[in-house]
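K.L.:
quick check, what structure comes out for this input:
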Amino acid sequence: MHSPRTPRHPIRWLLFCMAWLASCAWATEALDATVMPAGALSLSEFVALLEDPERNLTLADVQTAAQAARFKTDLPASSSLNLGFTRSAYWLRLTLRNHSNTPLERMLTVDNPRIAFIQAHLPDASGQYRSIVTGSDVPNSRLYPNRNFVFPLTLAPASEQVVYLRIASNIGLLVPLQLWSPAAFHAHERNDYLVQAWYFGIVSAMILFNLMLFFALRDRIYLLYVVFVTCLAFTLAIKNGLVGELWPGGTLLDMNAAYYSGASLTLSALLLFMRRMLRTDQLMPRTDRLLLGMIIFFALTPLAFALALPTLVRAGIVLYMASVVVILIVVVACALKRQRNAYFFLAAFAVLILGAATTLLRAVGVLPTNAFTVDAIQLGSAVEMLLLAFALADRFNVMRRDKAQVQTDLLRAQQQLLDTLQNSERQLEQRVAERTDELQLLNSKLEALSLTDGLTGIANRRDFDSILQQEWQRAQRLSQPLALGILDVDWFKRYNDLYGHPAGDVCLRQIAQTLASTVCRASDFVARYGGEEFVFIAPMTEASNAMDIAHKLVQTIADLAMPHNDSPLGCVTVSIGVAVMVPSTEHNAEVIVQRADAALYQAKTQGRNRTVLAE
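P.N.:
Numbering: from 1, shown residues only. Alright, predicted model coming up:
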């Protein structure tokens, strides 16, 4: 009876040892999150990876000893995990340790907004998991409002937590996984959106300017250029995850299909513009027919991408790269034939093509993921637009020179016809001037909008920074005191969690109106500083008067009696830090902000619903 059972005991012992070794290997994966670098910490070498070809594993499945042993560790250190073109789902396991005696706030980011599905399992202090499903194909699902996928984490003191991410997509999987401290992330986020605003500001200016030239000159080349730039900007907005931000209610579009469709339409518009600019129908008739065929083909590919993107994506990338080669050959051939516009076109679009090729090579895994390869096509298109502006200006100058020569020839034949042409030219210049005035008016309106907070209707952070510098310099010249107050809504995150973000927006607007009506001198200034923080500037104001303003503001907001059941005070209250200084050449305006912020921190630590004057 014992002989059949004895072989099973070594097997059980072996299985136990394997599970124990797997758990030990798991334990060694822990990353100390206490000390963070100044920027992002790439997590590629700290995560464990498990492929799920059938896409049917659950969180409970991957936590079993058998599946835990299948996780691959010791992944190569790189800026991202390049998993290639795959239909499998992948599980990422990240163990974070906080050996300090205080809670740690960290930001986990996946910097690829075109990943179709991400399921994040985030543990709380008790070890229970909260699951969040997001992705480019899951509209209106971001845990944190950002163009990428951001997951705020709170690590309890002296604890170790395991985060699981399940990632799947219908195209190539490129996963740049990073960990940030909140301060570093917010600084990076601000700079990132500044770059995006800079780029799309250039795009908007070029579109408006060339539309103006089209309406003024009635030359279709400017309209074709506008179509090309618009398609390119839309494609890059999808690539950078900005479409969801501009369309906050979500979208029914498949973002990856829309991205490749946008790339096809951009290429089709580029070929149309190139034919018009280089006159290939006259210089290279046979090649021009090939270009027309390519234009029609790429204009029809969005339908194919919508129906079978995973099957066609690799072929699409190859076709894009082949089209780049064809374009370069055509442009070089035109340049060899001394076509003047070909020189400008080659210089301008070589940069764009280089950026596009870099993006494609990154997508297929040939090039690494870094700041240059991620935004290569965006940088290339910005340089291309600037260079092409010179090309269009040269074309316009050539047209003017040719026109002047025609006018000289016609003058010899008929003076009356010359007068007519001159009148037409004056009318044209007048129309261009009118369009320029309209553009300046639009720019003025846009500038005004850029200085106003869209939610509350008062000044925004940008306007505040400008006004603070002005008032600081004025107070310094006149040796007069300058008062600054920073207001923060008490327990506002709890308010948002309890009543919802729409109610939070109403609350912020009410506080902004109260702030504007309470700080009401003509020389005073109020603004939204960011989130639930507001500021006011009171020139020529002593400390006692500034504290009177702050006390009145605290009391007025408390008298509004806006319910806040998750606040110890039962209603919405604010805390204010006040700083008063007579500016000197030894300090700059940031000092008064720092002092007011320190006073605000004291007001919070002293119980909130109060004002504190900085020392």
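K.L.:
show me the strands in the stretch 501-615 of the chain, by range?
P.N.:
Here the stretch 501-615 of the chain has its strands, by DSSP state E, counting those that start in this stretch, at 525-530, 533-539, 574-581, 611-613.
K.L.:
winner for burial among those strands?
P.N.:
strand 574-581 (a mean of 25; mean count of other CB atoms under 10 Å). Where you see a C-beta, it was placed from the backbone N, CA and C, and this is true even at glycine.
K.L.:
next, format the strands of the stretch 501-615 of the chain as TSV and append distance to residue 551 and mean pLDDT.
P.N.:
Listed next are those as TSV, based on distance: least, CB to CB, whole Å; pLDDT from 0 to 100:
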stretch	distance to residue 551	mean pLDDT
strand 525-530	16	93
strand 533-539	13	95
strand 574-581	9	95
strand 611-613	6	95
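K.L.:
so which residues of the stretch 51-200 of the chain form helices?
P.N.:
Secondary structure of the stretch 51-200 of the chain (DSSP state H, counting those that start in this stretch): helices located at 59-62, 65-68, 182-217.
K.L.:
typo on my end, the stretch 401-550 of the chain
P.N.:
So, for the stretch 401-550 of the chain - with DSSP H, counting those that start in this stretch - the helices run 415-450, 461-478, 492-499, 501-518, 543-559.
K.L.:
dump the ones you listed to CSV, plus mean neighbour count, mean pLDDT and distance to residue 353.
P.N.:
Shown next, in CSV, are the helices of the stretch 401-550 of the chain (neighbours: other CB atoms under 10 Å; pLDDT from 0 to 100; distance: least, CB to CB, whole Å):
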stretch, mean neighbour count, mean pLDDT, distance to residue 353
helix 415-450, 12, 76, 30
helix 461-478, 16, 93, 36
helix 492-499, 16, 93, 46
helix 501-518, 17, 93, 43
helix 543-559, 17, 94, 57
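K.L.:
dump those helices to TSV, plus distance to residue 229.
P.N.:
Below are the helices of the stretch 401-550 of the chain laid out as TSV (distance: least, CB to CB, whole Å):
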stretch	distance to residue 229
helix 415-450	16
helix 461-478	26
helix 492-499	39
helix 501-518	34
helix 543-559	47
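K.L.:
would you tell me which of those gets closest to residue 404?
P.N.:
helix 415-450 (9.5 Å; CB to CB).
K.L.:
tell me the helices and strands packed up against the closest one.
P.N.:
helix 182-217, helix 376-413 (3 or more CB pairs under 8 Å, 6 or more residues apart in numbering; DSSP states H and E).
K.L.:
and those, which one is worst for confidence?
P.N.:
Of all these, the minimum mean pLDDT falls on helix 376-413 (a mean of 73).
K.L.:
so what does it touch, helix or strand wise?
P.N.:
When contacts are defined as 3+ CB pairs under 8 Å, 6+ apart, helix 376-413 sits against helix 182-217, helix 220-239, helix 340-363, helix 415-450.
K.L.:
next, the buried residues of that helix.
P.N.:
Residues 376-385, 387-389, 391-392, 395 are the ones in helix 376-413 that count as buried (16 or more other CB atoms under 10 Å).
K.L.:
which residues of the stretch 1-150 of the chain fall in strands?
P.N.:
Secondary structure of the stretch 1-150 of the chain (DSSP E, counting those that start in this stretch): strands at 31-32, 41-42, 48-52, 81-85, 89-98, 104-110, 117-123, 129-134, 149-155.
K.L.:
any chance of the ones you listed in a markdown table, with mean neighbour count too?
P.N.:
Formatted as a markdown table, the strands of the stretch 1-150 of the chain follow (neighbours: other CB atoms under 10 Å):
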| stretch | mean neighbour count |
| --- | --- |
| strand 31-32 | 14 |
| strand 41-42 | 18 |
| strand 48-52 | 19 |
| strand 81-85 | 17 |
| strand 89-98 | 21 |
| strand 104-110 | 20 |
| strand 117-123 | 20 |
| strand 129-134 | 14 |
| strand 149-155 | 19 |
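K.L.:
just so I know, which of the ones you listed lies nearest residue 166?
P.N.:
Each of those has some distance to residue 166 by CB to CB; the shortest is strand 117-123, at 4.1 Å.
K.L.:
and the angle for the top helix by length along the chain with strand 81-85?
P.N.:
Taking DSSP state H as the criterion, the chain has its longest helix at helix 285-336. Taking axes from the mean of the first three to the mean of the last three CA atoms, to 10 degrees, helix 285-336 and strand 81-85 form an angle of 150 degrees between their directions.
K.L.:
what helices or strands is helix 285-336 leaning on?
P.N.:
Checked by 3+ CB pairs under 8 Å, 6+ apart, helix 285-336 has helix 255-278, helix 280-283, helix 340-363 packed alongside it.
K.L.:
if we can go back for a sec, in a markdown table, list the helices of the stretch 51-200 of the chain along with distance to residue 537.
P.N.:
Below are those laid out as a markdown table (distance: least, CB to CB, whole Å):
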| stretch | distance to residue 537 |
| --- | --- |
| helix 59-62 | 51 |
| helix 65-68 | 57 |
| helix 182-217 | 22 |
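K.L.:
need those helices in a markdown table (columns: mean neighbour count).
P.N.:
Converted to a markdown table, the helices of the stretch 51-200 of the chain look like this (neighbours: other CB under 10 Å):
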| stretch | mean neighbour count |
| --- | --- |
| helix 59-62 | 14 |
| helix 65-68 | 15 |
| helix 182-217 | 16 |
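K.L.:
please name whichever of the ones you listed is nearest to residue 117.
P.N.:
Here helix 59-62 is closest among those (CB to CB), at 14.6 Å.
K.L.:
how far away from the center of its chain is the closest one?
P.N.:
In terms of CA atoms, centre = their mean, to the nearest Å, the centre of helix 59-62 is set 33 Å apart from its chain centre.
K.L.:
could you export it as PDB, keeping only the C-alpha atoms?
P.N.:
Only the C-alpha atoms of helix 59-62 are listed here, as PDB (Å, rounded to 0.1, in the frame of the first residue of the first chain):
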ATOM      1  CA  LEU A  59      -6.200  38.900 -11.400                       C
ATOM      2  CA  ALA A  60      -6.900  35.900  -9.200                       C
ATOM      3  CA  ASP A  61      -5.300  33.600 -11.800                       C
ATOM      4  CA  VAL A  62      -2.100  35.600 -12.100                       C
END
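K.L.:
what's near enough to touch residue 538?
P.N.:
482-485, 519, 521, 523-524, 545-546, 549 (CB atoms under 8 Å, 6 or more residues apart in numbering).
K.L.:
nearest to residue 38 among those residues?
P.N.:
Using CB to CB, the contacts of residue 538 come closest to residue 38 at residue 484, 28.3 Å.
K.L.:
for that closest one, give me its contacts.
P.N.:
Per CB under 8 Å, 6+ apart, neighbours of residue 484: 468, 535-538, 578-580, 592-593, 596.
K.L.:
mind giving me JSON lines with the strands of the stretch 1-150 of the chain and columns for mean pLDDT and distance to residue 319?
P.N.:
Putting those into JSON lines (pLDDT from 0 to 100; distance: least, CB to CB, whole Å) gives the following:
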{"stretch": "strand 31-32", "mean pLDDT": "90", "distance to residue 319": "42"}
{"stretch": "strand 41-42", "mean pLDDT": "90", "distance to residue 319": "33"}
{"stretch": "strand 48-52", "mean pLDDT": "94", "distance to residue 319": "29"}
{"stretch": "strand 81-85", "mean pLDDT": "83", "distance to residue 319": "15"}
{"stretch": "strand 89-98", "mean pLDDT": "94", "distance to residue 319": "28"}
{"stretch": "strand 104-110", "mean pLDDT": "94", "distance to residue 319": "29"}
{"stretch": "strand 117-123", "mean pLDDT": "93", "distance to residue 319": "27"}
{"stretch": "strand 129-134", "mean pLDDT": "93", "distance to residue 319": "31"}
{"stretch": "strand 149-155", "mean pLDDT": "94", "distance to residue 319": "30"}
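K.L.:
what's the closest of the ones you listed to residue 291?
P.N.:
Of all the strands of the stretch 1-150 of the chain, strand 81-85 comes closest under CB to CB, at 29.4 Å.
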